[in-house]
Every structure is written in structure tokens, then in C-alpha cells.
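Asks: Sequence first, then the predicted structure, then my questions.
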There are 2 protein chains.
Amino acid sequence: MGNLKLINGVQLIPQKIITNPNGDLFHIIKNTDIGFVNFGEAYISTVNFNSIKAWKRHHRMTANFVVPVGCIKIVIFDSRDTSPTSGMINEFSLSLENYMRLTVPPGVFYGFKGIENGLNLLINIADIVHDPLEQETISIEKSEIKYFW
Amino acid sequence: MGNLKLINGVQLIPQKIITNPNGDLFHIIKNTDIGFVNFGEAYISTVNFNSIKAWKRHHRMTANFVVPVGCIKIVIFDSRDTSPTSGMINEFSLSLENYMRLTVPPGVFYGFKGIENGLNLLINIADIVHDPLEQETISIEKSEIKYFW
């Protein structure tokens, strides 16, 4: 991911891990962080081994993802007509070994695949409370996004 | 924990788990939840098997704990002189099987013990950003809290 060009508005930011003999501490997000919008809701999504959860798009929600357990492939697609990166796809592999916060703005489709044969756990700190009216889910079969999971 | 009398200001609230064949979803907290104060910071704390992280007290921070992986014993002690439950101890065992959000107000000491021989993972959604000036850490050896871990 060294020279990866990111979709417009997307952030990928390493988060600090503070080691401790009794158990480590992992930063997720602070209200003072660049790119922090607001707090609406926090939830956990798990992705089973080789399962795919895709595609989802929000019209208002900005998501902030971290993966502290297992490994999740996250693929995003810029569906915004007016975006300078319209039509671009990015893929990320988030895990403890690659511990980063991925910020995904509204209008960008995202999907997850569980990579480890065990627990794959993602935390989302979203800027609004869950609202079914502002989100779309399109199955990978019906989507026009060309991505081979 | 059926008839447990809680320390004043503490909340223990079951959170919804939405099952999904591709991986379940777990609520943590929404800004519309009763008891939600503000969003300052989210972080993860892991607690190794049989390790104890205690005692910690905040003067301003309200903590919101969930344990989605493993099992963590959380013990809290009310050190507030003017509290109707001053001097009271509560203990909780949080895990996926007992998936609840525990809200701990300022002035209440807390400590963790890792119960499972594997990953024990806690998420804290705190209402302020980490500030070393508003928190105290007292080792269990030096503390006057009488609790046998």
C-alpha cells in the first residue's frame, strides 16, 4: 500500500498500539483527530472466513473502520459522479499486523471479506446513528462493480 | 447479576446482537442511548489470561465498556464520599455470552482481570480524550480497596 492512490476523501491512518505486559492498548479514534466528523454510533461487525459482506453504500454516513482481530479485506468503490476519483477501486487488508483506521466517506461503496480461518472482527465508529433510509445494500451478483473477490 | 444493586450512576445494559450467516453484528453505543454523555475517544484494551489491570480512577471521564472477545472480570469501587453507594463494590463478568455495555461514571475505581486463556478484548467509548491529568492509577498492592482478585 506504499504508493496507493486513495479514493477522494478516504483516509488510512496508522493507529498507536501501546504495549503492556498485562495486555496491549490500541487507539481507534479521538474527537480531535483529523477527519473526525461526529459521533453517531459504534458497532462491531464480524466477517466469517471466506464470507463476503458487500456491497453497502451510505448517503450521509462516514465510517471509521479498524480491525483488531483476524484479517479483513476491505474493498471500496467510488460511485460519486462528481468525484475526481469516480470509478476508482481501492482494496485494503486490515489486521493487527497492519493496524490502521480506514475512513470511508458517504457515496463510496464498501465490502468486506473474512481472510483468517478464525474470528475476523471490525469496529465501526460512525458519525450518524444507523438509518436504513440513508443506506443501500446491493448484492455482488446484482452490482455493476467489477471486482473479483 | 439478577438482583445486583449497582453503584450510583453505573449502567449495565444488554446490547443487541444481529445474527448473520456471513458474520454477526454487535451494537456498542449510539448517541441517542440513555446515559450517553459525549464522544471523546474510542480505544481497545486487551487483558492477558490471569493478568490484572487495576486500579484506575477518572475525575472527569465516563467510560462505556463492552467485551466482544473472551471474558473479562470488571470490578468497580465507589470512592465518592458523597455518593449514596460510597464504598460499594460491584463485579461483572462481561463476554459475548453476557454481552452488555457497562457505563462507569467519574470517581469510581475500576479494574480488569483476563478470564479466558486466549484473547480478552474490551472496547471503551469514552466521553473525553485521554488526559493523564484527570486519571489516577493505584496498584492493587498500594490500594486500600479490599478485593481479592
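Replies: Received the coordinates, thanks.
Asks: Tally up the residues packed near the residue of chain A found nearest chain B, please.
Replies: Here chain A gets closest to chain B at one residue, residue A:39, 3.2 Å apart by CB to the nearest CB. Placement of C-beta: from N, CA and C, glycine included. Close neighbours of residue A:39, defined as other CB atoms under 10 Å in any protein chain shown, add up to 24.
Asks: which ones are touching it?
Replies: A:31, A:125, A:127, B:31, B:38-39 (CB atoms under 8 Å, 6 or more residues apart in numbering or on different chains).
Asks: Try it again at 7 Å.
Replies: A:125, A:127, B:31, B:39 (CB atoms under 7 Å, 6 or more residues apart in numbering or on different chains).
Asks: Same question for residue A:128.
Replies: Counted by CB under 7 Å, 6+ apart, residue A:128 has contacts A:40, A:60-61.
Asks: same thing but at 8 Å, please
Replies: Taking CB under 8 Å, 6+ apart, one finds A:38, A:40-41, A:60-61, A:134 in contact with residue A:128.
Asks: and the residue nearest to it when sequence neighbours are not counted, how many residues sit next to it?
Replies: In this structure, residue A:128 finds its nearest non-sequential neighbour in residue A:40, 3.8 Å apart by CB to CB, 6 or more residues apart in numbering or on different chains. The tally of other residues near residue A:40 (other CB under 10 Å) stands at 19.
Asks: pretty sure residue A:40 is touching residue B:33, no?
Replies: No - with contacts counted by CB atoms under 8 Å, residue A:40 stays clear of residue B:33, the gap being 11.1 Å.
Asks: between the contacts of residue A:39, which is nearest residue A:118?
Replies: In terms of CB to CB, no member of the contacts of residue A:39 lies closer to residue A:118 than residue A:125, at 23.6 Å.
Asks: Stretch A:85-95 vs chain B: in contact?
Replies: No - under the criterion of CB under 8 Å from any CB of the partner chain, stretch A:85-95 makes no contact with chain B; the nearest approach is 13.4 Å.
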